[in-house]
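A.B. asks: Predicted model follows, preceded by the sequence.
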Amino acid sequence: MTANQFGAAFLGIALQLAIPTSNRSLLLITSIFSVVFLLFLNHSVMWEEGAKSRIRADAGREKYSPLTGLKIGIAASLPNIILGVIVAVTFFFNRLTEIEWIGTISAFMKAIAFLWQGMFIGIVVTIDASNHYLYLLTPLPVILAAFLSYWIGLRQWTLGKVFKLKKK
């Protein structure tokens with residue numbers, strides 16, 4: 001899932017570099033596309049993990065645990081969580097104390113978060129580019145989608161079953 005994060009961030013940055021800075025709506029659309037792409041990649045990984053866990057649980061080799069997807073999502077989003085907390089805390093302390101080196105750390109960490117979470121940049125810029133606290137929210141879609149995808153895989157639900165024609 002970390003490789004998926006890197007790939008989606010690279011895709012998001014590449015798409016956003018091709019857009020003029022004056023076109024905010026296209027920036028938002030490419031950012032949403034990049035996030036959906038990340039969630040799709042993670043869905044396939046987490047669905048497969050959930051399906052494998054279901055097989056092992058049915059065979060008695062593993063305990064049935066639907067919260068495993070949530071734990072995996074949190075573990076995979078740990079770099080995003082840490083970056084978001086550091087960006088928000090250093091920004092808060094910089095505003096509170098106005099110490100120059102804290103501002104430098106805040107700007108540096110925001111740049112790293114910008115690169116690592118490149119797929120979210122269009123969304124963040126559209127909402128409020130100056131709000132450093134939005135970086136705390138970027139891990140949430142990945143965590144929730146990982147939980148949901150694992151749970152769907154655990155239930156072994158597929159989209160193909162919904163669209164198959166039933167025999168008479």
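C.D. replies: That came through fine. Because the structure is predicted, anything quoted here is derived from the model rather than measured.

A.B. asks: what's the burial count for residue 60?
C.D. replies: 7 (other Cβ atoms under 10 Å). For every residue, glycine as well, the C-beta is placed using N, CA and C.

A.B. asks: Residue 51 now?
C.D. replies: 18.

A.B. asks: Let's verify it: helix, strand, or coil?
C.D. replies: helix (DSSP: H, G, I helix; E, B strand; the rest coil).

A.B. asks: got it, and the one 3 residues further on?
C.D. replies: Under three-state DSSP, the three-state class of residue 54 is helix.

A.B. asks: tell me which element the closest residue to it other than its chain neighbours falls in.
C.D. replies: Leaving out its chain neighbours, the residue that sits closest to residue 54 by Cβ to Cβ, 6 or more residues apart in numbering is residue 154, at 5.0 Å. According to DSSP states H and E, residue 154 maps onto helix 139-155.

A.B. asks: Quick check: which ranges of this structure have low pLDDT?
C.D. replies: 159-168 (pLDDT under 70).

A.B. asks: How about the residue nearest the centre of it: what's its closest non-neighbour residue?
C.D. replies: Taking Cα atoms, centre = their mean, the centroid of the chain lies closest to residue 142, which sits 3.5 Å from it. In space, residue 142 comes closest to residue 77 once its chain neighbours are excluded; the distance is 5.0 Å by Cβ to Cβ, 6+ apart.

A.B. asks: residues near that neighbour, how many?
C.D. replies: 22.

A.B. asks: Go ahead and confirm it touches residue 136.
C.D. replies: No - judged on Cβ atoms under 8 Å, residue 77 makes no contact with residue 136 at a distance of 11.4 Å.
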